Each structure stands twice: as C-alpha cells, then as structure tokens.
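In: Provide a 3D model corresponding to the input given below.
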Amino acid sequence: MCGLCGVIGETPDWTDALASTLPKRQERLRRIKILNLLTASQRLTISDFHGTNYIVQTATGKSSMANGFMALLLEIENMAGEKLDVLSPNILSYLECL
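Out: Numbering: from 1, shown residues only. Model prediction:
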C-alpha cells in the first residue's frame, strides 16, 4: 500500500495468464478501451487509476474504484444494474471483430 494515497497494488487474476506481446501498462489500457466499448450502452466509463486500480463512472458522475479485473467486472455490474457476462457468445464474437 502506498503510504501517501493508500492505493493497494493490483490483485492478480486469471486474465494475467493470457499471453500478450504488449507491455503490462499497454495491455491494461487495451482492456480498458475494450470494456469502454462494451459498457457504452450503459453509459459507463472505465479509466485507469495509477496503473493499479480502475475507476467506473456513470454519466451522472457517480464513481467507484475496483482493484483487479474481477472486482472491476463486479463494479460494472453494480453500476449498470445488470449482469455482464464477458464469456457470452455475443460479446466474444464482437471482440473477435475488433
């Protein structure tokens, strides 16, 4: 934990095991970009916070911080008020087109 701001380092998750040719920070920003495309219809935006946490924000300014990718998905569901199944066939086919 950072003594100045209290930010805890990111929690590792199952997506870290995926091979990527991008540096970790670039891969993180790529994931955020994709999630912003997927959550645009719910009027949510996801942003990076110090390379360790994510911020989910609604169009009205309500925001929440998540540590790790799985916590981020839960926060997206909480803010959107509906379940986000990132492994659904519709989302996977959409991602293949990117």
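In: How about D48, nearest residue that isn't a chain neighbour?
Out: Leaving aside its sequence neighbours, D48 sits nearest to I32 (Cβ to Cβ, 6 or more residues apart in numbering; 6.0 Å). C-beta: built from backbone N, CA, C; applies to glycine.
In: any idea which helix or strand comes after the helix or strand containing M70?
Out: Of the helices and strands defined by DSSP states H and E, M70 is found in helix 69-80. Counting by DSSP H and E, the next helix or strand C-terminal to helix 69-80 is helix 89-97.
In: Please save the CA atoms from that next one in CSV.
Out: Extracted C-alpha coordinates of helix 89-97, given in CSV (Å, rounded to 0.1, in the frame of the first residue of the first chain):
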residue,chain,number,x,y,z
PRO,A,89,-21.2,-15.8,-27.4
ASN,A,90,-22.4,-12.3,-28.4
ILE,A,91,-19.5,-10.5,-26.6
LEU,A,92,-16.9,-13.0,-27.8
SER,A,93,-18.0,-12.6,-31.4
TYR,A,94,-17.9,-8.8,-31.0
LEU,A,95,-14.4,-9.0,-29.6
GLU,A,96,-13.2,-11.2,-32.4
CYS,A,97,-14.2,-8.4,-34.9
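In: next one: it to chain centre, how far?
Out: How far helix 89-97 lies from its chain's middle: 17 Å, per Cα atoms, centre = their mean, to the nearest Å.
In: switch to numbering from 59
Out: All right, first residue 59 from here; so that's helix 147-155.
In: Determine the set of other helices and strands touching it.
Out: helix 82-97 (3 or more Cβ pairs under 8 Å, 6 or more residues apart in numbering; DSSP states H and E).
In: And the helix it packs on, what's buried?
Out: R86, R89, I90, I92, L93, L96, T97 (16 or more other Cβ atoms under 10 Å).
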